[in-house]
Structures are given as C-alpha cells and as structure tokens.
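Novice: fold the following, please.
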Amino acid sequence: MPFTELYHYEGCAKFVADYLEYEELVFPNRLPDIIPSPANVLDWQAGDAFDFAITLCSMLIGSGYDAYVCYGTAPKAITTKDESLMDC
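Specialist: The predicted structure is shown next:
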C-alpha cells in the first residue's frame, strides 16, 4: 500500500474517524438489516457504528493485526459511567 500511515492501528483509526461521516442507526437497539462491505462504506464515505467497526477491523486485518468485531449491550448506567478520575 502506498499509504504507510495505515500500517499502524492509530493511523487506521484516525483515517476511519476523519474520513467517514457518522449516521445513526434507525433502530439503535437492533442489529441493522444490511451490513455493507467495507469497500462500499469507503466509497459512500458514510456509515453507522457497525459499518465503522467492520471497516476499521478490515483495515487492521489488512495491516497484519489480529482484529475482530464483537457486539453486545449494556445498561445505560454502565455505558455512561465515567471512571477516568478513579485510581487503577
């Protein structure tokens, strides 16, 4: 690849975050009906959280990382809990 910055996970993550436009899921508590290929997501330059995750995962695998996408749910109290000021 001519873009050497995409050989590292930070470059891949920055590319996905900066290049793609985020679109919210119509039903945020359900899996989407259609999952487009990473090539389509890059072509459209837009996608939902699943599209971002799968595109980033594909780029990481192409760069030699052992990457995968996992899906799950958690209560709002867990997902919004800020523990940044807590001691490790």
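
Novice: gap between the residue nearest the centre of the chain and Ser84?
Specialist: In the chain, the centroid-proximal residue (Cα atoms, centre = their mean) is Ala53; its distance is 2.5 Å. From Ala53 across to Ser84, the span is 23 Å (Cβ to Cβ, to the nearest Å). (Each C-beta comes from the backbone N, C-alpha and C, glycine too.)

Novice: now swap in Tyr22 and tell me
Specialist: From Tyr22 across to Ser84, the span is 23 Å (Cβ to Cβ).

Novice: please say which of these two ends up with more neighbours.
Specialist: Tyr22 (11 against 4; other Cβ atoms under 10 Å).

Novice: quick check: the more buried one touching Asp48?
Specialist: Yes. With contact defined as Cβ atoms under 8 Å, Tyr22 counts as touching Asp48 (7.4 Å).

Novice: quick one, phi/psi of Glu21?
Specialist: Here is the backbone geometry of Glu21 (degrees, to the nearest 10): phi -90, psi 130.
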